[in-house]
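**Student:** predicted model and sequence below, questions to follow.
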Amino acid sequence: ETGVTQSPTHLIKTRGQQVTLRCSSQSGHNTVSWYQQALGQGPQFIFQYYREEENGRGNFPPRFSGLQFPNYSSELNVNALELDDSALYLCASSLAFPRTEAFFGQGTRLTVV
Amino acid sequence: ELKVEQNPLFLSMQEGKNYTIYCNYSTTSDRLYWYRQDPGKSLESLFVLLSNGAVKQEGRLMASLDTKARLSTLHITAAVHDLSATYFCAVDGQGNLIFGKGTKLSVKP
């Protein structure tokens, strides 16, 4: 059984650029959630995908968007990057029914310069 | 809106001492989680608490949940340096997790 894997592990982008982060969910899990963790803060919920549909969204602007694929892997896209987007982005996968604990990937450290 | 508050935010302990981290949350929830995070790393699951009065222990860490008081505690017994990390509690907000700000624990000899 493979765990949750994220790529890339580190990324540096310039303000105004676009970025795509990727997440492979744990085997058997059909729900993927994305979190943003700024330095020194707790993770903040961005959105969740269940069966390829967005299933809940936190307080993030529309330039944060996502996709989930038939194999339940997921992408997080951020357009028009801002300096404040610099953070650790965490992906977590879980099973919706019965609801299980979410397991986190190792994260992607995004730096916007 | 579900809010989660942890205290203290910073904790400097001596090895061998005991201490408790507190986690209060604002509305009812059926699940509470404790995570550990080392610098630059992801979240490591420590405990999942599902019911009122639940108590779980792993090594020097023990977590409990009082759903009526909306309070969870993480008790550290006889701290050792290896426990130095940031500890987060998180409450299940209908499918997504609401995290506290974390408690940065430093255990000194």
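**Tutor:** That came through, no problem. Residues are numbered from 1 along each chain as shown, chains lettered A, B, ... in the order given.

**Student:** quick check: which element contains residue 6?
**Tutor:** Looking at chain A here, since you left the chain open. Using DSSP states H and E, A:Gln6 falls within strand A:5-7.

**Student:** look at chain B instead
**Tutor:** strand B:4-7.

**Student:** for chain B, which segments count as helices?
**Tutor:** Counting by DSSP state H, chain B has no helices at all.

**Student:** within range of chain A, give me the residues from it.
**Tutor:** Residues of chain B lying close to chain A (C-beta under 8 Å from any C-beta of the partner chain) are B:4, B:33, B:40-43, B:45, B:48, B:88, B:90, B:93-102. All C-beta spots, glycine's among them, are computed from the backbone N, C-alpha and C.

**Student:** just the ones of those residues in strands?
**Tutor:** B:4, B:33, B:43, B:45, B:48, B:88, B:90, B:93, B:96-99 (DSSP state E).

**Student:** next SSE after the strand holding A:Gln6?
**Tutor:** Under the assignment DSSP H and E, the closest C-terminal helix or strand after strand A:5-7 is strand A:10-13.

**Student:** give me the distance from that next one to the chain's centre.
**Tutor:** Put simply, strand A:10-13 sits 15 Å off its chain's centre (C-alpha atoms, centre = their mean, to the nearest Å).

**Student:** next: stretch B:74-94.
**Tutor:** With C-alpha atoms, centre = their mean, you get 4 Å for stretch B:74-94.

**Student:** and the end-to-end length of it?
**Tutor:** Distance between the boundary residues of stretch B:74-94 (C-alpha to C-alpha, to the nearest Å) amounts to 23 Å.

**Student:** before we move on, what about stretch B:80-91?
**Tutor:** 27 Å.

**Student:** buried set for it?
**Tutor:** Buried residues in stretch B:80-91, counted by 16 or more other C-beta atoms under 10 Å in any protein chain shown: B:83-91.

**Student:** of all those residues, which two lie farthest apart?
**Tutor:** Spatially, the most separated pair among these is B:Ser84 and B:Val91, at 24.7 Å (C-beta to C-beta).
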